[in-house]
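Enquirer: What follows is a predicted protein model with its sequence.
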Amino acid sequence: MKTKLSKYVHQFLTGLASLLVSGVFLFSGFVKVADPMGMVHKLYAYAVALELPLADDSLWLKLGAASLGIAELVLGIYLLVQMHPRFTKMALLLFMSVFTALTAWIYVASPVADCGCFGEAVILTNGETLVKNIILLVAIIYLIYSPTHPRRLISQRNAWLVSIYTWIYSIALTLYSFHYLPIIEFTPYKVGADIRAAFEGKAGEGEAEKLVNFYLSDPQTGEDRTFEFLADTGYTFLLTVPHTQTADDGCCDRINDLHDYCTEHRLPFYMATASDSAGISDWGDRTGAAYPVVYAENTELKAMVRSNPGLLLLHNGKVAGKWSNNDLPELDTPGARIEDWMPHHHTSPLGRLLLWFVVPLLCFILADSLWIGHKFYRHHIYIKRFKLKKIMRKKIVAGNWKMNKNLQEGVALAKELNEALTADKPNCDVVICTPFIHLASVANVIDSNLIGLGAENCADKVSGAYTGEVSAEMVKSTGANYVILGHSERRAYYHETPEILKEKVNLALENNLEVIFCIGEVLEEREAGKQNEVVKAQLEGSLFDLTAEQFAHIVLAYEPVWAIGTGKTATAEQAEEMHAFIRATIAEKFGAEAAENVSILYGGSCKPNNAKEIFSKVNVDGGLIGGAALKVADFKGIIDAWKA
Ligand code: PEP
């Protein structure tokens with residue numbers, strides 16, 4: 001009861017932590033890829049505070065802003081869809097460790113007013129940012145150590161589609177927003193913003209209030225000209241150039257054409273800049289500019305249009321339009337009105353953003369669910385057809401004592417198990433595989449009709465000068481009938497190759513031992529989606545030279561190495577998926593009958609509380625049990641999982 005409760009608590013907390021971290025990363029990534037220039041301006045503030053010799057439009061700052069946004073968006077999605085979970089969690093840990101340390105420094109030293117983690121979308125104080133980062137860091141550490149995994153939104157097989165789409169989307173959106181303007185406007189200077197109303201105290205609260213920072217003055221006299229511009233009921237063009245030195249002059253011909261057009265149509269056209277008189281005359285020399293100039297605040301100019309130069313259109317004290325220098329209005333259409341220059345979109349920027357990201361994402365998830373649903377349907381039919389076959393297949397619970405228990409302890413354990421099973425008969429075959437030295441003694445204290453006996457290994461040689469080895473014939477002579485071969489611990493620590501195992505299997509079968517043959521992938525292989533390939537190679541390497549008659553004496557044990565002795569069990573679905581694959585592989589090689597008859601056991605942290613769910617799967621015929629086989633109560637609990 002207590003373990004079940006703690007399982008639910010962990011499941012809840014894991015889901016919550018995963019949603020929190022992925023949600024924050026997605027939001028923060030979106031803000032940056034939608035408005036990368038905003039992030040460049042933030043990074044520039046850091047560069048100034050750290051006295052780094054970087055210009056405000058430096059390529060390094062642009063690369064930094066783009067990489068940050070893309071990395072956050074991709075990590076957020078990876079966590080949400082559980083793509084490469086170990087890599088993702090480690091990358092998140094690294095990311096948040098660096099940024100938490102950075103924000104701790106910002107909190108103490110205050111080099112910038114706000115750290116800019118959510119761009120202009122949500123402004124947090126440095127203290128709030130530090131608290132937010134600590135919470136995220138704790139959530140990520142919890143996700144790394146949590147015994148449960150968050151629920152997948154999309155199957156492992158199809159998650160790559162979401163991953164590729166996220167990469168393409170985030171890179172394309174970043175490049176688009178750099179080239180044109182942010183797809184969502186986070187600054188107060190949105191098209192439609194009423195600057196005059198802000199000055200009159202009628203703009204409402206929040207963002208709009210900040211419009212009072214709009215300020216234009218005469219560069220020579222310093223005279224405030226803000227109201228002159230805001231009071232004008234017609235159209236006024238402002239060419240916003242925060243810094244003439246770093247401004248892109250590649251579009252100067254089009255700007256001059258626009259200025260000529262405005263002169264011809266009696267429309268005011270000004271350049272608003274924060275540069276000094278030298279910078280202004282330098283701009284005139286470079287571009288042949290003949291338009292009048294007003295002075296404006298650097299930070300406000302950067303907020304007005306995310307482009308240097310950019311174009312802002314004021315009308316009746318409001319922001320009527322804005323353009324990047326890469327997308328200046330077309331003057332070629334004869335008779336076109338200014339209103340026709342405005343970009344026309346039928347959906348809001350947020351709508352477009354959702355349309356291009358959330359909708360495809362939902363489509364992927366839906367298609368994936370339908371695909372899975374189809375598979376479940378086929379599986380359902382399969383279950384109906386083969387349930388009967390499962391009932392006929394041998395159900396086995398086998399214990400693997402490994403290198404535990406001395407002789408006396410081992411004999412006592414075997415006796416106790418024998419008594420328990422005599423009193424309460426099992427519904428399946430029970431086998432215990434013990435160290436070699438226990439075999440003969442254990443054989444004497446168990447009822448062979450109730451409990452099968454097996455070794456944990458045997459030699460790959462028949463007999464002779466192989467000091468320390470125990471042959472298959474010797475195993476058989478103790479009264480044992482089974483032998484475990486190919487256990488991952490022997491593959492890893494004693495370098496047992498598929499060829500050595502093939503020899504062992506042949507010798508075991510020649511000596512009339514039933515072989516419990518173990519296969520399974522390590523964590524890296526599963527994370528790389530290679531588990532099927534690995535397991536198939538293990539089967540091919542050691543068993544595929546057998547005849548169908550010989551194969552009838554093989555019991556397979558699928559033991560994902562990442563689940564052995566770790567407390568992390570494969571889910572019943574993961575076990576079933578792999579067991580079905582193994583059975584299909586056996587069918588291809590040895591035929592449908594052999595595949596239907598072979599018992600496939602699951603091994604890896606199998607316990608009384610999870611055995612029933614795992615054994616309920618149609619292709620799971622029992623378990624190979626390590627740790628839990630060393631206590632009669634636990635082992636019997638697993639054996640009893642076969643009872644109704
Ligand atoms: C094993 O080693 O075969 C095994 C399944 O171990 P455990 O049950 O302890 O994970």
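Expert: Perfect, I can see it now.

Enquirer: For the ligand, what's its nearest residue on the stretch 51-200 of the chain.
Expert: residue 147 (13.6 Å; C-beta to the nearest ligand atom). For the C-beta atoms, the positions are set from N, CA and C on the backbone; glycine is no exception.

Enquirer: My guess is that residue contacts residue 569. True?
Expert: No. Residue 147 is beyond contact range of residue 569, at 9.2 Å (criterion: C-beta atoms under 8 Å).

Enquirer: With neighbour numbers in mind, choose between those two.
Expert: Higher neighbour count among residue 147 and residue 569: residue 569, with 22 against 14, using other C-beta atoms under 10 Å.

Enquirer: Please report how far the residue most central in space within the chain lies from residue 571.
Expert: Nearest to the geometric centre of the chain sits residue 78, at 2.2 Å (C-alpha atoms, centre = their mean). Per C-beta to C-beta, to the nearest Å, residue 78 is found 20 Å from residue 571.

Enquirer: now do residue 188
Expert: In terms of C-beta to C-beta, residue 188 sits 50 Å off from residue 571.

Enquirer: cool, and residue 611?
Expert: Taken as C-beta to C-beta, the span from residue 611 to residue 571 is 13 Å.

Enquirer: Of those two, which one has the most company?
Expert: Under the neighbour definition other C-beta under 10 Å, residue 611 and residue 571 were set side by side, and residue 611 has more, 25 against 13.

Enquirer: How about that one, nearest residue that isn't a chain neighbour?
Expert: residue 641 (3.7 Å; C-beta to C-beta, 6 or more residues apart in numbering).

Enquirer: What does the pLDDT read for the closest residue to the ligand within the stretch 351-500 of the chain?
Expert: Of all residues in the stretch 351-500 of the chain, the one sitting closest to the ligand is residue 400 (4.4 Å; C-beta to the nearest ligand atom). Residue 400 is assigned 98 on the pLDDT scale.

Enquirer: residues in contact with it?
Expert: For residue 400, the contacting residues are 433, 456, 484, 487, 603, 624, 625, 626, 629, by C-beta atoms under 8 Å, 6 or more residues apart in numbering.

Enquirer: quick check, residue 117 in a strand?
Expert: No. Read with DSSP: H, G, I helix; E, B strand; the rest coil, residue 117 is coil and lies in no strand.

Enquirer: Would you confirm that it contacts residue 27?
Expert: No. Taking contacts as C-beta under 8 Å, residue 117 lies outside contact range of residue 27: 10.0 Å.

Enquirer: ok, those two, which is more surrounded?
Expert: Set residue 117 next to residue 27 and count neighbours by other C-beta under 10 Å: residue 117 wins out with 25 against 17.

Enquirer: for the helix or strand encompassing residue 506, which positions count as buried?
Expert: Taking DSSP states H and E as the definition, residue 506 sits inside helix 498-510. Using 16 or more other C-beta atoms under 10 Å as the test for burial, helix 498-510 gives 498, 500, 501, 502, 503, 504, 505, 506, 507, 508, 509.

Enquirer: likewise stretch 144-157?
Expert: 146, 148, 149, 150, 153, 154, 155, 156.

Enquirer: Likewise for stretch 473-492?
Expert: For stretch 473-492, by 16+ other C-beta under 10 Å, it's 473-476, 478, 480-491.

Enquirer: how far does that stretch stretch from start to finish?
Expert: 25 Å (C-alpha to C-alpha, to the nearest Å).

Enquirer: State the mean pLDDT of that stretch.
Expert: Rounded mean pLDDT across stretch 473-492 is 98.

Enquirer: Excluding sequence neighbours, find me the nearest residue to the residue in the stretch 501-644 of the chain positioned nearest to the ligand.
Expert: Nearest residue of the stretch 501-644 of the chain to the ligand, counting by C-beta to the nearest ligand atom: residue 626, 2.1 Å away. Take residue 626 and drop its neighbours on the chain: the residue closest to it by C-beta to C-beta, 6+ apart is residue 400, 5.2 Å away.

Enquirer: what's across from the one you found in the sheet?
Expert: Counting by DSSP bridges, residue 400 is bridged to residue 433.

Enquirer: Now do it against residue 218, distance only.
Expert: For residue 400 relative to residue 218 (C-beta to C-beta), the value is 88 Å.

Enquirer: picking up where we left off before, keep the buried residues of stretch 473-492, but drop any that are not near the ligand.
Expert: With the criterion set as C-beta under 6 Å from any ligand atom, no member of these is near the ligand.

Enquirer: taking the residues you listed one by one, which sit in helices?
Expert: Among the buried residues of stretch 473-492, the residues falling in helices (DSSP state H) are 473, 474, 475, 476, 488, 489, 490, 491.
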